[in-house]
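Asker: just a sequence and a predicted model for now, questions to come.
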Amino acid sequence: MKIAYAFRRCASYPYNGGELPTDATDRRRFLDHAKAIGFDGIELPAMNLADAETKTLRSELEDAGVPCVAIRGGGGAAHPRVAAANKQSMINAVNFAANIGAGVVNSTVTTPPRDPNGKGTYRGESVSQGSSRLASAVDYERTAKAVSEVAGIAADQGVEISIEIHQNSIADNSWSALHLLELIDASNVGVNPDLGNIYWTYDTPEESCEAAIAALASHVNYWHCKSLYRVHIPDLETAIYVQAPLPDGEIDYRFAIAALLDVNYDGYLAIEGIRDGDQFHQDGRSVAYVKSVLSDLQ
């Protein structure tokens with residue numbers, strides 16, 4: 001099992017932003033930090049770059065020892081207002097992945113909220129707009145059709161698609177993700193069992209992380225990992241979730257990693273980076289923890 005950096009913040013003084021620095025020196029400094037703390041590759045968003053720019057970026061990443069291993073892009077097709085644009089976004093992500101050498105496109109199947117000012121637009125509430133609880137059979141059929149069509153394009157380029165379990169999505173727990181995969185029925189489509197997303201979708205998680213990873217393990221082709229503390233406020237039907245390094249949160253990643261090893265998963269475990277504080281210290285602790293668990297279990 002290899003470890004990728006799904007960074008969500010890129011702080012390498014003087015740069016501080018959510019994407020790779022545009023300055024080559026700042027970018028190399030960040031990549032060198034990522035390599036030094038133990039990452040084997042990096043996840044990037046889909047980018048609108050010319051072929052020459054993509055080739056240059058690919059060389060920079062590979063020279064730094066952190067090649068791009070996954071691209072994130074796409075979206076849900078259940079709502080007709082966004083279905084066509086989201087499908088094209090997924091196709092664009094597939095094409096970019098092929099050009100930059102990434103083997104996986106990670107995509108959510110989220111839908112826009114019916115009431116942007118209503119309850120359930122954010123995580124940690126008693127309802128979740130766009131969720132599997134509120135989905136119809138047609139929502140799954142439309143989504144499966146769109147993903148299946150993109151999967152054919154991806155297969156021709158040697159790219160896999162991973163459906164990320166995510167809040168505000170018809171794939172927000174193990175049963176809904178498995179149902180969607182069954183409808184898609186494509187050998188290059190798997191699931192990203194982001195346990196953190198399952199944990200913080202509702203104020204009270206609807207399934208345990210242990211049950212979810214056990215059900216999904218054999219279908220995983222990419223894996224986001226983050227951990228959280230949960231502060232439940234039942235009178236407000238709300239929970240506040242605080243992200244923490246993997247060894248410090250409430251999700252048992254020793255159990256989860258063991259479940260993936262049991263099915264001989266040899267893809268990437270992508271640590272979803274800390275958004276606040278010293279990212280290299282905290283994300284470095286997550287890497288060290290994963291490596292120690294792998295060493296113990298193997």
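Answerer: Great, that's in hand. Since the structure is predicted, the reported quantities are computational estimates derived from the model, not experimental observations.
Asker: so the residue nearest the centre of the chain, which of the three states?
Answerer: Nearest to the geometric centre of the chain sits residue 224, at 4.6 Å (Cα atoms, centre = their mean). Assigned with DSSP: H, G, I helix; E, B strand; the rest coil, residue 224 falls in the strand class.
Asker: is it bridged to anything, and to what?
Answerer: With DSSP bridges applied, residue 224 shows beta-bridge pairing to residue 270.
Asker: hmm, residue 198 and it touching each other?
Answerer: No. Between residue 224 and residue 198 no contact is recorded; they are 11.0 Å apart, counting by Cβ atoms under 8 Å. All C-beta spots, glycine's among them, are computed from the backbone N, C-alpha and C.
Asker: tally of neighbours for residue 277?
Answerer: For residue 277, the count of nearby residues is 12 (other Cβ atoms under 10 Å).
Asker: hang on, it in a helix?
Answerer: No. With three-state DSSP as the criterion, residue 277 is assigned coil and is not in a helix.
Asker: one step back: what sits against the residue nearest to the centre of the chain?
Answerer: Counting by Cβ atoms under 8 Å, 6 or more residues apart in numbering, residue 224 touches 6, 106, 164, 192, 194, 196, 197, 270, 272.
Asker: just to check, the fourth one is in contact with residue 223?
Answerer: Yes. If you go by Cβ under 8 Å, residue 192 and residue 223 touch, sitting 6.0 Å apart.
Asker: would you mind listing the outside residues contacting stretch 238-258?
Answerer: With contact meaning Cβ under 8 Å, 6+ apart, stretch 238-258 is reached by 1, 123-126, 195-196, 199-200, 202-204, 209-210, 213, 225-233, 269, 271, 274-276, 282-283, 285-286, 289-290, 293-294, 296-297.
Asker: mind running it again at 7 Å?
Answerer: Contacts to stretch 238-258, defined as Cβ atoms under 7 Å, 6 or more residues apart in numbering, come from residues 123-125, 195-196, 199-200, 203, 209-210, 213, 225-233, 271, 274-275, 282, 285-286, 289-290, 293-294, 297.
Asker: now the end-to-end length of that stretch.
Answerer: End-to-end distance for stretch 238-258: 32 Å, by Cα to Cα, to the nearest Å.
Asker: average model confidence for that stretch?
Answerer: Throughout stretch 238-258, pLDDT has a mean value of 97.
Asker: ok now that stretch, how far from the chain's centre?
Answerer: A distance of 15 Å separates the centroid of the chain from that of stretch 238-258, by Cα atoms, centre = their mean, to the nearest Å.
Asker: for stretch 136-149, buried residues please.
Answerer: By neighbour count with 16 or more other Cβ atoms under 10 Å, stretch 136-149 contains the buried residues 139, 140, 142, 143, 144, 146, 147, 149.
Asker: which outside residues touch that stretch?
Answerer: The set of residues external to stretch 136-149 that reach it, using Cβ under 7 Å, 6+ apart, is 76-78, 83, 87, 109, 161, 170, 179-180, 183-184, 186, 189.
Asker: not counting residues beside it along the chain, what's closest to residue 126?
Answerer: Nearest non-adjacent residue to residue 126, counting by Cβ to Cβ, 6 or more residues apart in numbering: residue 237, 3.9 Å away.
Asker: isn't that neighbour right next to residue 203, touching?
Answerer: Yes. Using Cβ atoms under 7 Å, residue 237 is in contact with residue 203, at 5.6 Å.
Asker: related to what we said a few turns ago, select only the buried ones of the contacts of stretch 238-258 in ChimeraX?
Answerer: Here is the ChimeraX selection string for the buried members of these, based on 16+ other Cβ under 10 Å:
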select :123,124,125,195,196,199,200,203,209,213,225,226,227,228,230,271,274,282,285,286,289,290,293
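Asker: next step: the contacts of stretch 238-258 restricted to helices.
Answerer: Among the contacts of stretch 238-258, DSSP state H puts 195-196, 199-200, 209-210, 213, 282, 285-286, 289-290, 293-294, 297 in helices.
Asker: among these, which one sits closest to residue 12?
Answerer: Checking those against residue 12 by Cβ to Cβ gives residue 282 as the nearest, at 14.7 Å.
Asker: for residue 199, see how far away that closest one is.
Answerer: The gap separating residue 282 from residue 199 is 18 Å, by Cβ to Cβ, to the nearest Å.
Asker: what segments of the stretch 1-150 of the chain are helices?
Answerer: With helices called from DSSP state H, counting those that start in this stretch, the stretch 1-150 of the chain shows them at 24-36, 51-63, 80-100, 137-156.
Asker: ok so, going back, out of the ones in helices among the contacts of stretch 238-258, who's nearest residue 69?
Answerer: Distance ranking of the ones in helices among the contacts of stretch 238-258 against residue 69, using Cβ to Cβ, places residue 290 first at 15.3 Å.
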